[in-house]
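A.B. asks: coordinates only, sequence not included:
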């Protein structure tokens with residue numbers, strides 16, 4: 001198999017920087033997943049299916065609270081992007 005010069009340079013760049021990688025994005029993704037799992041549980045408890053309603057005038061208060069809590073949880077996850085995780 002013949003590799004182009006660009007492919008070899010790209011592979012070398014990734015290989016040389018592999019030691020610099022940190023798991024901040026992984027931690028943030030796991031945090032987002034936990035927030036979404038909590039949101040689905042909250043919506044189910046309130047008697048709805050997550051993603052099948054819009055937040056308008058007729059929405060029950062419990063579903064609005066679920067959405068607010070999910071937004072707060074996701075905002076709390078954002079700093080994990082820059083956090084170095086060994």
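C.D. replies: In hand now; what should we look at? Owing to the predicted nature of the structure, the values given are computational and were not obtained by experimental measurement.

A.B. asks: what about residue 43, neighbour count?
C.D. replies: Residues near residue 43, counting by other C-beta atoms under 10 Å, number 20. (Glycine included, C-beta is placed from N, CA and C.)

A.B. asks: find the nearest non-adjacent residue to it, please.
C.D. replies: residue 50 (4.2 Å; C-beta to C-beta, 6 or more residues apart in numbering).

A.B. asks: same thing with residue 28?
C.D. replies: Of all residues not flanking residue 28 in the chain, residue 80 sits nearest, at 4.1 Å (C-beta to C-beta, 6+ apart).

A.B. asks: does the one you found really touch residue 27, like I thought?
C.D. replies: Yes. Contact criterion C-beta atoms under 8 Å: residue 80 and residue 27 qualify, at 4.5 Å.

A.B. asks: for residue 9, which three-state class applies?
C.D. replies: In three-state terms, and counting by DSSP: H, G, I helix; E, B strand; the rest coil, residue 9 is helix.
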